[in-house]
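1. return a 3D structure for these sequence lines:
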Amino acid sequence: MKDLIELTADWLTVLPEGNFDAFPGQVSPDFVLRLPFVPEGVPSEFRGRDVAQAVLQASARGRSPLVFTDKVIRRTEDPELALTTARAEAVMASGKPYRNEYIMLTRIRDGVVLEHVEYLNPLAIMAASGSDPSA
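-> The predicted structure is shown next:
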């Protein structure tokens, strides 16, 4: 079995598009996706594998593929928890660019992803979606 760092790297290749079936481990039926810094009015927590996958796949339909770059994946004192810093960019369906920086916490137990928490700049999301961040 792959170690936590390798599994986290694999996870980050399938997560943005919601392509959970391509992950070499498993995604728990009770998987939780948390996005604490999304813009106001946008849900910040999605519970359940199918719910989270549907949200990610819907997001992917509105942009070009989002690929994490400049990834630094680190172990934490918790053997199930990886901390990642990364950048990503995509082009929205409107043609606007989307660029953001991320801090992510991913919990994987025995090859099963249980939780993913993603901290990002909500202003970048608003700018890419055409919202006025100063309003």
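2. longest helix anywhere in the protein?
-> Of all the segments assigned as helix in the chain under DSSP state H, the longest by residue count is helix 49-61.
3. just how off-centre is the very next helix or strand once past that helix within its chain?
-> Using DSSP states H and E, the helix or strand that follows helix 49-61 in sequence is strand 67-75. Once both centres are worked out by C-alpha atoms, centre = their mean, to the nearest Å, strand 67-75 turns out to sit 12 Å from its chain's centre.
4. report the backbone C-alpha coordinates of the following helix or strand past strand 67-75 in PDB.
-> The element immediately downstream of strand 67-75 (helix or strand, assigned by DSSP H and E) is strand 81-91. Listed next in PDB are the C-alpha coordinates belonging to strand 81-91 (Å, rounded to 0.1, in the frame of the first residue of the first chain):
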ATOM      1  CA  LEU A  81      -3.300  13.700   8.400                       C
ATOM      2  CA  ALA A  82      -1.400  15.300   5.500                       C
ATOM      3  CA  LEU A  83      -0.800  19.100   5.100                       C
ATOM      4  CA  THR A  84      -0.500  20.400   1.600                       C
ATOM      5  CA  THR A  85       0.300  23.800   0.200                       C
ATOM      6  CA  ALA A  86      -0.300  24.300  -3.500                       C
ATOM      7  CA  ARG A  87      -1.300  26.700  -6.300                       C
ATOM      8  CA  ALA A  88      -3.800  26.000  -9.000                       C
ATOM      9  CA  GLU A  89      -5.300  27.800 -12.000                       C
ATOM     10  CA  ALA A  90      -8.000  27.200 -14.600                       C
ATOM     11  CA  VAL A  91     -10.100  29.100 -17.100                       C
END
